[in-house]
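Trainee: What shape does this take:
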Amino acid sequence: MSEGICPRWAKRVSREKILRLYQKDAQGILDEELLDDVAYGLLARAEAITAVTRAHTEGLYPCAACGKNILLKDRSNKDPILRCSCGWEMSRHDYHKSYKRKQLVGGAAQPLIDRAIVTFPGRGTPQEKMRWIDGLIHGFHGELKGEYYRPMAVNFIEGNTRAVVDLIYSLAYSNHSSIQPQKDAWMRKLEQSYVRYRPQMDCHE
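Mentor: Got it, this is the predicted structure:
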């Protein structure tokens with residue numbers, strides 16, 4: 001029975017996991033289990049954001065029971081019922097409540113999120129996965145247009161904007177890291193965004 005099944009969305013990835021992954025990478029320690037945990041967690045989140053964004057902007061709603069997309073043709077109705085051929089149904093109002101205030105609408109970051117999904121190195125090397133993670137969390141809303149609204153990582157990593165910015169700024173880099181330092185470029189973009197504060201470094205020292 002599909003009655004009572006609510007949409008479920010991938011949660012944001014733990015800040016502690018991200019920090020631990022970067023600390024190990026900086027020490028030259030390859031923890032493939034943690035790497036995959038973070039990478040696939042971010043990928044699942046990216047796919048959830050994409051699904052919600054399409055529902056929110058295009059009226060294309062994934063069924064919570066079978067996953068099939070339900071196209072809402074008449075979007076002028078204030079509270080229509082979404083019905084799937086599998087028998088599942090839910091009001092659009094209740095569906096929207098399932099993702100409200102959960103940072104699941106991509107907005108200006110959606111083009112970068114789409115690109116991240118396409119370029120995910122599922123069978124790539126650990127170094128390729130680490131670079132993919134690094135590129136994703138250092139992205140900004142509107143970046144493809146040269147506009148920097150806020151760090152894209154806020155949609156992907158648990159915590160408010162300040163906590164996420166503090167985390168990214170304090171990520172450990174060293175000569176042993178498999179990725180290149182991006183602090184300077186990231187801070188320049190941050191200064192152009194509406195986030196007008198410097199990270200509180202003592203939070204992670």
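
Trainee: from here on, contacts and neighbour counts on C-alpha atoms
Mentor: Noted.

Trainee: And the strands in this structure?
Mentor: Assignment of strands within the chain using DSSP state E yields the ranges 60-62, 69-71, 81-83, 89-91.

Trainee: most neighbours per residue, which of these?
Mentor: strand 60-62 (a mean of 20; mean count of other C-alpha atoms under 10 Å).

Trainee: got a list of what the spatially most central residue of the chain touches?
Mentor: Central residue check for the chain by C-alpha atoms, centre = their mean: the C-alpha nearest the mean position is that of Phe156, 3.2 Å away. For Phe156, the contact set (C-alpha atoms under 8 Å, 6 or more residues apart in numbering) comprises Arg12, Val13, Leu42, Arg45, Ala46, Ile137.

Trainee: Is it possible to mark the buried ones in those residues?
Mentor: Arg12, Val13, Leu42, Arg45, Ala46, Ile137 (16 or more other C-alpha atoms under 10 Å).

Trainee: Hmm, Thr119 and the fifth one touching each other?
Mentor: It stands for Ala46. No. Judged on C-alpha atoms under 8 Å, Ala46 makes no contact with Thr119 at a distance of 11.9 Å.

Trainee: before we move on, back to that, among the strands of the chain, which is nearest Ala163?
Mentor: When the strands of the chain are compared by C-alpha to C-alpha, strand 60-62 sits nearest Ala163, at 31.3 Å.

Trainee: do you know how far the closest residue to Glu89 other than its chain neighbours is from Leu60?
Mentor: Closest residue to Glu89 apart from its sequence neighbours, by C-alpha to C-alpha, 6 or more residues apart in numbering: Arg83 at 4.4 Å. Using C-alpha to C-alpha, to the nearest Å, we find Arg83 at a distance of 12 Å from Leu60.

Trainee: Which neighbours do those two have in common?
Mentor: By C-alpha under 8 Å, 6+ apart, the residues touching both Arg83 and Leu60 are Ile70.

Trainee: Measure how buried Ser76 is and give me the count.
Mentor: When neighbours are defined as other C-alpha atoms under 10 Å, Ser76 has 8 of them.

Trainee: re the thing from before, which ones among the buried ones among the contacts of Phe156 map onto helices?
Mentor: Leu42, Arg45, Ala46, Ile137 (DSSP state H).

Trainee: All set now, cheers.
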